[in-house]
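1. this one's structure only:
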């Protein structure tokens, strides 16, 4: 019974890592497009989005979300 609980926690952590990976990739793409297309004030915000996305990808891994959600 305790092992089922820990299995559930491990699956939840794996899902959150995969979700963080996907959000990081999308944030990086949106940040780069926004940085190229928007004005000066918005560029500063997009650099923040790019920085947070890089941190997410560093923590969660680049391929974790692709493997978990089977995106090929």
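-> Right, received. Where do you want to start? The structure presented is a predicted model; accordingly, all values stated were derived computationally and were not measured.
2. what about the nearest residue to residue 21 once chain neighbours are set aside, how many residues nearby?
-> On the basis of C-beta to C-beta, 6 or more residues apart in numbering, the spatially nearest residue to residue 21 that is not a chain neighbour turns out to be residue 65, at 3.4 Å. In this view, the C-beta of every residue, glycine as well, is placed from N, C-alpha and C. Other residues within reach of residue 65, judged by other C-beta atoms under 10 Å, total 22.
3. helix or strand for residue 65, just tell me which one.
-> In this assignment (DSSP states H and E), residue 65 forms part of helix 64-69.
4. could you give me the average pLDDT of that helix?
-> Mean per-residue pLDDT for helix 64-69: 85.
5. ok, now how distant is the residue lying closest to residue 26 once chain neighbours are set aside from residue 3?
-> Ranked by C-beta to C-beta, 6+ apart and with sequence neighbours excluded, the top spatial neighbour of residue 26 is residue 53, at 8.0 Å. From residue 53 across to residue 3, the span is 36 Å (C-beta to C-beta, to the nearest Å).
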